[in-house]
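Undergrad: this one's sequence-less:
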């Protein structure tokens, strides 16, 4: 088994590193005239770079019809989070150019970080309330301009046996502020395929279910909206069954 993992690493790592650098350089060039194209590359092209050489397939079990059509305005996708694979999985499942929020420290990484800084939103967690306010302002402007944002409301990878960790409120503050719909997206099997602490992913199948849009423009309180969203995502996740890896 260790020898097979070694051979897999010899296959996967060079492809992943080289193509990530190349896509980052293309993104940097594209960002000079189209931030949307840059985000499409970091979403769709990079998703293929991560998943395809690892022989990881993404199956949308249900709910593709709940994604708003291109041109129908911005929305927020919120998903459960158990693995680094969740980022390319959300991109693959939506098929759209996505705006992500990342830690400011990642922006200092050569090529990869420069691309994040040009195309996405970086937040300095040490910056406190002022940094969070600036990020929310920029995110709201992007959503009003019809962009799509993806958020993991658990705030960190879930390593527990529970379906979901308690939700942070940021995604729901943003949805209430802008009135855009919230789309739940449940991911099954990403954790076993690339668990925390593992150097390499494993081949396998990730299953996805997409839920009905949740309106944020009504009179529901912030807590009620967060509870509704968490219940919807939990039901979607449990409906996918048990991990198979």
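TA: In hand now; what should we look at? Owing to the predicted nature of the structure, the values given are computational and were not obtained by experimental measurement.
Undergrad: Tell me which stretches of the protein form helices.
TA: 2-30, 35-40, 46-51, 86-94, 112-119, 128-144, 170-178, 190-193, 222-239 (DSSP state H).
Undergrad: quick one: which of the ones you listed is nearest residue 65?
TA: helix 86-94 (12.8 Å; C-beta to C-beta). Using the backbone N, CA and C atoms, a C-beta is placed for each residue, glycine as well.
Undergrad: hang on, isn't residue 92 packed against residue 47?
TA: Yes: between residue 92 and residue 47 there is a contact at 4.6 Å, judged by C-beta atoms under 8 Å.
Undergrad: can you tell me which of the helices of the chain the model trusts least?
TA: Among the helices of the chain, helix 112-119 has the lowest mean pLDDT, at a mean of 73.
Undergrad: Just the buried residues of that one, please?
TA: Judged by neighbour count (16 or more other C-beta atoms under 10 Å), helix 112-119 contains these buried residues: 112-119.
Undergrad: closest to residue 212 among those residues?
TA: Out of the buried residues of helix 112-119, the member with the shortest distance to residue 212 (by C-beta to C-beta) is residue 119, at 29.4 Å.
Undergrad: Spell out for me which residue occupies the centre of this structure.
TA: residue 87 (3.8 Å; C-alpha atoms, centre = their mean).
Undergrad: how near is it to residue 48?
TA: 13 Å (C-beta to C-beta, to the nearest Å).
Undergrad: ditto for residue 101
TA: 22 Å.
Undergrad: before we move on, what about residue 12?
TA: Distance, residue 12 to residue 48, using C-beta to C-beta: 13 Å.
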